[in-house]
Structures are given as C-alpha cells and as structure tokens.
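Novice: What would the 3D arrangement of this be:
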Amino acid sequence: PAFATACVVICGAARSLESTRQHTGKLSRKPGRPPLTYGAPVASASAATPSSMAGRRLGPKDKLMKTLKAVQKQEENKRCADCDEKLPQNVNLNINTFVCTQCCGVLRNFSHRCLGISMTDFTQDQVMALKNGGNANCNKVWMAKYKQGIDPPIPNSQDSNALKKFLTMKYLEKRWWVDPSLVNSPGYAANGGAEAAAPPSAARAGRGGRRGSDPIPPVQPISEVLPDVKQVQVSA
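Specialist: Residues are numbered from 1 along each chain as shown. Okay, here's the model as predicted:
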C-alpha cells in the first residue's frame, strides 16, 4: 500500500508539472509577446555599442599618442633617421628623431635617450618636440656636410659594425654637423660648408675685391656702353 501511494503521488506531481509547463508555453505564444526562454543572458541597457565606442572622448594620453602616430606616419619619418631601416618604432628624445631598434642600441651607448613608441607614456612637451623636429630637420644639421659617393654610405641596419662606425662619425665626431643657426640663414646652401653659409656679398668681396654692398652691374651690349666705333678717334 505504501508503494502504491508513493506512485500515485509521483504521477500526480508529474501531471501537475506538465500542465504548468504547457500553460506557460501557451502564455509565451500570445501574439506580440516573445517566447519565454530560460538561462538566456539579459542585455544590459548600459552595454557599449560600436557607435558609442566610436563617439567616446579620447583622454589626454590617447590624444598625445594620436598626435605622435600622425607625426610618425609623415613621409620623412617613415625611415630611420640614421640607417636604411623602414618604419622605425622608437624615438631619440635627444635630437627628436624616429629611429629603429638597432640604432637605439648604439645610440644608448652614446647616452642618447631612446624610447619605444608603443611602450612609453609621452608628455606633451616630448610630443611637441618630436612634431617640431623629425628626421628631416635633424639631418639638416647633423648631415649638412655629408656628400653621397664620397663619404661612407648610409649603413644597413643589420650591419652592426658599419652602423656603429657611421653613428660614431655622425654624433661623436660631428663629421657632417653644422651650427643650427646657420641652417636657416639666407646664404646657407646644403653641403657647402662654412663658405656657402657666408653671405653672397662677402664671397664676392673675397674673390674680386669689390665691396659687398656694391651691386654687380648687369651685362649690356657694347653698343650701349661705347659710342659709335666709327666716331671714336684715338689720340696720339
């Protein structure tokens, strides 16, 4: 009898559970009402969407990195300032250039401060210095007297010996360096040395004895300078 009673109770509970499940399913299938699901994640009203992420404001560090990346992508900075390596990922804060990893290793031995772009939180002053500097402006000073075909060639980044010798000549010996104040002077000419940096008037005075302030007269036809040759009489 006890076993039979237990079976009746279990069967009754099963029928009740099945009835409840069917009733819930009918409710979920009413028009305009989504079916009930169990265990599905509930979407948060504050969940980030692509549009909200795109529209979020950049923080100060993000803005500085965006500016630095834009400077890095400039044509003059797409190649290492000191060798032939493309797409340098480091900066030399001593002279505000973009340099490769191989050159960084040598330059650090010269006490230059070289940092990786992706691993550094740069200050605003550092980013502005790199923006106003760059590889082209640097080499106007440090490579001003360099003569291609005469001086040692720009080294390959994988040739460590040639790289070290070249950077020693460039930065320690200052073989091709000129005073930065002369670079933007009116009489300066690239690769010309001190003579080219001198004002043109001074160069003329040194060659012909003419005072630098005296202008050189233009070339004129002889007929405009001398009278008619037929009327010129040579006195004895």
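Novice: would you list every one of the strands in the protein?
Specialist: Secondary structure of the chain by DSSP state E: the strands cover 90-92, 97-99, 114-116.
Novice: quick one: which of the ones you listed is nearest Gln72?
Specialist: strand 97-99 (6.1 Å; Cβ to Cβ). Where you see a C-beta, it was placed from the backbone N, CA and C, and this is true even at glycine.
Novice: Output the contacting helices and strands for that closest one.
Specialist: strand 90-92, helix 135-142 (3 or more Cβ pairs under 8 Å, 6 or more residues apart in numbering; DSSP states H and E).
Novice: hmm, back to that, now the strands of the chain as CSV including distance to Lys78, mean pLDDT and mean neighbour count?
Specialist: What follows is the strands of the chain, written out as CSV (distance: least, Cβ to Cβ, whole Å; pLDDT from 0 to 100; neighbours: other Cβ atoms under 10 Å):
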stretch, distance to Lys78, mean pLDDT, mean neighbour count
strand 90-92, 14, 98, 26
strand 97-99, 8, 98, 28
strand 114-116, 17, 97, 15
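Novice: CSV for these, including distance to Gln72?
Specialist: Listed next are the strands of the chain as CSV, based on distance: least, Cβ to Cβ, whole Å:
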stretch, distance to Gln72
strand 90-92, 8
strand 97-99, 6
strand 114-116, 12
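Novice: Between those strands, which one is closest to Ser160.
Specialist: Proximity of those to Ser160 was assessed by Cβ to Cβ; the nearest stretch is strand 97-99, lying at 14.7 Å.
Novice: what are the pairing partners of the closest one, and which direction each?
Specialist: Here strand 97-99 has these sheet partners by DSSP bridges: strand 90-92 (antiparallel).
Novice: Output the below-cut-off pLDDT ranges for this protein.
Specialist: 1-14, 16-56, 187-236 (pLDDT under 70).
Novice: can you rerun that using 80?
Specialist: Regions of the chain meeting the criterion pLDDT under 80 cover residues 1-56, 184-236.
Novice: Could you pull up the residues touching Val71?
Specialist: 77, 127, 130-131, 134 (Cβ atoms under 8 Å, 6 or more residues apart in numbering).
Novice: Give me the residues contacting stretch 131-146.
Specialist: Stretch 131-146 has contacts (Cβ under 8 Å, 6+ apart) with 67-68, 71, 74, 76-77, 79-81, 95-98, 170-171, 174-178, 180, 183, 190-191, 193.
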